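# just to be clear, the model below is a prediction. Sequence and coordinates:
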Amino acid sequence: MFIGHYGPAVYDVLRSGKVKLWHAFLAVQAMDIVFCILALFGLEGAASLVDGNLVFDIPWSHSLISAVIIASVTASIFHVLTGRGSMKGYWIIWLLAFSHWPLDWLVHRPDLPLYPGGDWMMGLSLWNFAWPTYILEVVMLGTAIALWLAKTSGPRWTAFGAWVFVALLSMLQFFSITKTTLDLQAGTLDLAAMPSGVPFAVSGMLFYAIAAGWIGWLESKRRYS
Ligand SMILES: [Zn+2]
């Protein structure tokens, strides 16, 4: 999953009132941020075709055991950096970081191992239904942002900024995920032309930082009711 990961972040922040939204935005993508760091060093990242399925080489960042470890490390980092607040805040960040795995499991083609280096790959491949999953992810982000705007108040431009965010991410979702699947199914996907290596890792990290920064900036201008 890609932009849909941000849905649970918004719901948990609104329900708990314990965590900043931009922290939650970083937490739900912690596994992908680990992926980017590993891809930077060439340890992960190459996309390949296995039995006609487009899979990613993500044995370290995306195993189920890794999800537990990454969630624990992410929650601990937030716990320390936010001045050792409530344990509830710790567990919310833990769950949000962990939520990345089950959501990825729904959409990924089998490339999620049980443990790093394991042979048994999991993934329900829902991304093969290109348009329904596109709509699913856009709706997950869009309804979450609509709810966030309804439960917070602030200058009108901040609401505009939030919808621009949804529109830009929906475009990115289309070009990075949906179009890739459509090209694959049409037999026109050029694997060699897919982003990879250091540029892919750097642009991924920039994206996650800008997304969290953007929402954090809007959050600082709005008030929770
Ligand atoms: Zn992922």
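Now that the structure is in, tell me what you want to look at.

# which strands or helices does the helix or strand of the chain with the lowest mean pLDDT pack on?
Between all helices and strands in the chain, the lowest mean by mean pLDDT, DSSP states H and E belongs to strand 47-50, at a mean of 87. Applying 3 or more C-beta pairs under 8 Å, 6 or more residues apart in numbering; DSSP states H and E, one finds that strand 47-50 contacts strand 53-56. Using the backbone N, CA and C atoms, a C-beta is placed for each residue, glycine as well.

# now do the strand it packs on: which elements does it pack against?
Where contact means 3+ C-beta pairs under 8 Å, 6+ apart, strand 53-56 is packed against strand 47-50, helix 179-186.

# okay, buried residues for the least confident helix or strand of the chain please.
Buried residues in strand 47-50, counted by 16 or more other C-beta atoms under 10 Å: Ala47.

# same question, stretch 142-156
Residues Gly142, Ala144, Ile145, Trp148, Leu149, Thr152, Gly154 are the ones in stretch 142-156 that count as buried (16+ other C-beta under 10 Å).

# quick one: mean pLDDT for it?
Averaged over stretch 142-156, pLDDT sits at 97.

# begin at 260, not 1, for the rest of this chat.
Shifting the count to begin at 260 puts that one at stretch 401-415.

# the helix or strand containing Thr417 - contacts with which helices or strands?
Assigned by DSSP states H and E, Thr417 falls within helix 415-432. Contacts defined by 3+ C-beta pairs under 8 Å, 6+ apart place helix 415-432 against helix 389-410, helix 456-480.

# let me have these in JSON lines, extended by distance to the ion.
Below are the helices and strands packed on helix 415-432 laid out as JSON lines (distance: least, C-beta to the ion, whole Å):
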{"stretch": "helix 389-410", "distance to the ion": "12"}
{"stretch": "helix 456-480", "distance to the ion": "10"}
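
# any part of stretch 300-314 near the ion?
No: Stretch 300-314 does not reach the ion (C-beta under 5 Å from the ion); its nearest approach is 11.0 Å.

# pull the CA atoms of that stretch into CSV?
Once non-C-alpha atoms are left out, stretch 300-314 reads as follows in CSV (Å, rounded to 0.1, in the frame of the first residue of the first chain):
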residue,chain,number,x,y,z
PHE,A,300,23.2,1.1,0.2
GLY,A,301,22.0,-1.3,-2.5
LEU,A,302,20.8,-3.9,0.1
GLU,A,303,17.2,-3.8,-1.2
GLY,A,304,15.1,-2.3,-3.9
ALA,A,305,15.3,-4.1,-7.3
ALA,A,306,11.9,-4.9,-8.8
SER,A,307,11.6,-8.1,-10.8
LEU,A,308,9.1,-10.4,-12.4
VAL,A,309,8.4,-13.8,-10.6
ASP,A,310,5.8,-15.9,-12.3
GLY,A,311,4.6,-12.8,-14.1
ASN,A,312,4.2,-11.0,-10.8
LEU,A,313,6.0,-7.7,-10.2
VAL,A,314,7.7,-8.2,-6.9
